[in-house]
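Asker: please find the sequence and the predicted model below.
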Amino acid sequence: MRRAVIDIETLGNNFGSFDEVQQHYLLKYASTEAEREEALQRLSLYPLTAQIIVIGILDPETGQATVCYQAPGAAEEERRDGEAQFMTGSEPELLARFWSAIEGCAQIITFNGRGFDCPFLLLRSAMLGIQPTRDLMPYRYDPGKHCDLLDQFTFYGAVRRFDLDFYCKAFSIDSPKSHGIVGLDLQRLFEEGRYREIAEYNLGDLRATASLFRAWERFLARS
């Protein structure tokens, strides 16, 4: 694979899994119930307090995608639906497959990958004893190795940031957020055992990111 669009979904660990000192640290700025609830929701944003439940990879040249996802208690799955292959596994298995898939990839493409996906993948891999096969955080100002579309569409912070949904709508791209699931739904869906729906949501993000990349490459890459 010459290029790969990558995207992950994460889920905060149960608050009770942290010891008393950690719990105090995580809630030390939460003085109200609303602030406590917000702090708990934010656990999914940090690799030290969350795990990866889905890793998606898409080839922007062919549209072929592989989505690996956790499905605790469910039967193992490996199936292909059109241009997408779905595979289940544990978090270490997801990460091992990811690093194997992108080992020879010349360019990775993300949306906010430098600020979220890539540090998360690197740190979770290190914590689980899995060896990365390539650098996900190369020189920021060379999109030839890692094209983070949030960097590109803000011209490295020169203009306001918007989320993926907003950019998709602005560029007339079908937004995955328009199909009924948003990031805040993932905790509930996971608890309800609706793992495949989370994987499908990730696939929507991959396809939207790939479409946005093609718009950037056609009109802005040489600007």
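Answerer: Okay, I see it.
Asker: buried set for the longest helix belonging to the chain?
Answerer: Scanning the chain for the helix with the most residues, using DSSP state H, yields helix 195-219. Using 16 or more other C-beta atoms under 10 Å as the test for burial, helix 195-219 gives 195-213, 215-216. C-beta here means a position set from N, CA and C on the backbone, and glycine is covered the same way.
Asker: now do that helix: which elements does it pack against?
Answerer: Where contact means 3 or more C-beta pairs under 8 Å, 6 or more residues apart in numbering; DSSP states H and E, helix 195-219 is packed against strand 3-12, strand 50-58, strand 65-69, strand 84-88, strand 107-110, helix 149-153, helix 164-170, helix 186-191.
Asker: quick one: which of those is nearest residue 220?
Answerer: Set against residue 220 and scored by C-beta to C-beta, those come closest in helix 149-153, at 6.7 Å.
Asker: tell me what that closest one is packed against?
Answerer: Secondary structure elements in contact with helix 149-153, counted by 3+ C-beta pairs under 8 Å, 6+ apart, are helix 195-219.
Asker: apply 10 Å and report the result again.
Answerer: If contacts are counted by 3 or more C-beta pairs under 10 Å, 6 or more residues apart in numbering; DSSP states H and E, helix 149-153 sits against strand 107-110, helix 164-170, helix 195-219.
Asker: for residue 72, find the nearest of the ones you listed.
Answerer: Closest among the helices and strands packed on helix 149-153, once you apply C-beta to C-beta, is helix 195-219, at 8.0 Å.
Asker: what is the mean pLDDT for that closest one?
Answerer: Per-residue pLDDT over helix 195-219 has a mean of 96.
Asker: that helix to strand 50-58, inter-axis angle?
Answerer: Following axes from the mean of the first three to the mean of the last three C-alpha atoms, to 10 degrees, one obtains 50 degrees for the angle between helix 195-219 and strand 50-58.
Asker: next, the angle from helix 195-219 to strand 3-12.
Answerer: In terms of direction (the same axes, to 10 degrees), helix 195-219 departs from strand 3-12 by 140 degrees.
Asker: what's the burial count for residue 159?
Answerer: Neighbour count of residue 159, defined by other C-beta atoms under 10 Å: 9.
Asker: could you shift the numbering so residue one becomes 3, and keep it that way?
Answerer: Sounds good: first residue 3 from here, last item residue 161.
Asker: look up how far residue 217 lies from it.
Answerer: In this view, residue 161 and residue 217 are 16 Å apart by C-beta to C-beta, to the nearest Å.
Asker: do the same with residue 193
Answerer: 36 Å.
Asker: rebuild the helices and strands packed on helix 151-155 as TSV, extending it with distance to residue 51.
Answerer: Converted to TSV, these look like this (distance: least, C-beta to C-beta, whole Å):
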stretch	distance to residue 51
strand 109-112	21
helix 166-172	23
helix 197-221	19
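Asker: to residue 72, which of the ones you listed lies closest?
Answerer: Shortest distance between residue 72 and the helices and strands packed on helix 151-155, using C-beta to C-beta, is found for helix 197-221: 6.7 Å.
Asker: ok now that closest one, how far from the chain's centre?
Answerer: Using C-alpha atoms, centre = their mean, to the nearest Å, the mean C-alpha position of helix 197-221 is found 11 Å from that of the whole chain.
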